[in-house]
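Student: Would you be able to build a 3D model of this:
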Amino acid sequence: MRYLRKIFTLKNLFVVFLITSFGSASFYYYKDFSERARIDKFRREVIKDQMAVIAAKDVADHTPKTLTQNDIADAFSKFDPEKDIVIRVQIHDGVVYADITTRTQRKTAGVIVKMFKKLAPQINGSVDFILSGGDGFRNSGDVPVFGMARNNDVGSNVILLPDHQMLKYFSGLKNNIEKASNYLKWEEKLPIAFWRGATTGDQSCYKKVLFSDAPIENMESENAGCYRLKLVRLAQLYPNLVQADFGNYIADSEAAERMKLWASIKKGIPEVDHLIFKYLPVLDGNSCTFLRFTWIMASNSVAFKQNSSDVQWYYPLLVPNFHYVPIRKDLSDLVEKINYARSHDDEMKRISMNANVFVNDYLTDQAMEDYLVLIMNEYAKRFEQKDFKAVGKKQ
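Tutor: Below you'll find the model as predicted:
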């Protein structure tokens, strides 16, 4: 592998420019990462991307659109709060108001509301918004909805927030992952791609593929909703390169029985036990994998991330072949990428280290709080402040 390095010194900033064999340009940053630097990067590369959701709805003369409480009320009335797992939230005078009526709402959107309750005094102005607790929420209306993931292919009008799992569990999980990574060194790991998960995704796709006469490994692109099936099949074809099994079936009884004919269910294992393997695939289910991608980046293994139009809030900051190894959506290059990784071990180790730095810079509790305050203050600039009224239950 060829490296082209140019070293610059600017006010204690040491930058190394790297071109890998994958052909991507990357930067190494050797500097204590400050909160100000993180916030500046959020503004430049993430907040701008999120606010484009509103900008796309601006009038023809490019005058910024002002949202009103009537806009929010009208848009919210078109949803089924229980089925769509959406709630309406207001932040006014440092207080959060929301009506959370179901257990599912409380377990998902309710976690985000709890965080806003902590951060409300830092919000400049009053805001009224719709918050989704669903996986990969789709919204085609003119009024944006705040959610945890979106699909860029369908033009989903969703402003992204950290997901409930990240806010509630990641800090503790990250500590466990880092301890395990310190115990199990890179050189001791197995050069195999390991995956264990559920049959989440498009259930009609699973049924279609399972009852087809075509080999699963030849799965066509229109069946993209169940590529986890293909990964398990690849493990059967290349057992020295891939170990992948389902931990549980989320399918109707007929499809589940069919699946058992060729893919037995295996017991789920803790995240730390994945770390005996160097390569850990990240494949979408119903939407993004939420915690899985982040804890892999926090470990000393390497994420093999499936290319996807499903995105989360921090994705604009990620660099392929620097923070993770990208694999095609249909997994057609997975075997090739594993063989490459085996013959470029030092490069894979560096990618893992880069991902660790990324997590510690941008995915800590403080970083997520910084982002939430920034995105809400930016949203407040687009919201009509006159005659604002809180209509939900005080949290």
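
Student: Every contact and neighbour count from this point should use C-alpha atoms.
Tutor: Noted.

Student: what number of residues lie near D345?
Tutor: Applying other C-alpha atoms under 10 Å, we find 14 other residues in the vicinity of D345.

Student: wait, R150 sits on P162?
Tutor: No - assessed by C-alpha atoms under 8 Å, R150 is found out of contact with P162, at 12.0 Å.

Student: list residues touching both of these two?
Tutor: Residues touching both R150 and P162 by C-alpha atoms under 8 Å, 6 or more residues apart in numbering: Q312.

Student: quick one, which of the two is more surrounded?
Tutor: More crowded of R150 and P162, by other C-alpha under 10 Å: R150, with 26 against 20.

Student: roughly how far apart are the more buried one and Y324?
Tutor: 20 Å (C-alpha to C-alpha, to the nearest Å).

Student: what's the average pLDDT for the longest strand seen in the chain?
Tutor: The single longest strand within the chain, with elements called by DSSP state E, is strand 190-198. The average pLDDT within strand 190-198 is 94.

Student: buried ones in that strand?
Tutor: Going by neighbour count (16 or more other C-alpha atoms under 10 Å), the buried part of strand 190-198 is 191-198.

Student: In CSV: those, plus distance to G141.
Tutor: As requested, these are exported to CSV (distance: C-alpha to C-alpha, whole Å):
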residue, distance to G141
P191, 46
I192, 44
A193, 40
F194, 40
W195, 37
R196, 36
G197, 33
A198, 31
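
Student: Parallel or antiparallel, list what pairs with the longest strand of the chain.
Tutor: Here strand 190-198 is paired, per DSSP bridges, with strand 242-248 (parallel), strand 277-282 (parallel).

Student: Deepest in the core, which of those strands is it.
Tutor: When these are scored by mean count of other C-alpha atoms under 10 Å, the highest mean neighbour count falls to strand 277-282 (a mean of 25).

Student: Restrict it to CA atoms and write it as PDB.
Tutor: Output in PDB follows, covering the C-alpha atoms of strand 277-282 (Å, rounded to 0.1, in the frame of the first residue of the first chain):
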ATOM      1  CA  PHE A 277     -13.100 -10.900  15.700                       C
ATOM      2  CA  LYS A 278     -11.400  -8.100  13.700                       C
ATOM      3  CA  TYR A 279     -14.200  -7.400  11.300                       C
ATOM      4  CA  LEU A 280     -17.700  -6.600  12.400                       C
ATOM      5  CA  PRO A 281     -20.300  -6.000   9.600                       C
ATOM      6  CA  VAL A 282     -23.000  -3.300  10.100                       C
END
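
Student: Give me the pLDDT for F42.
Tutor: Looking at F42, its pLDDT stands at 88.
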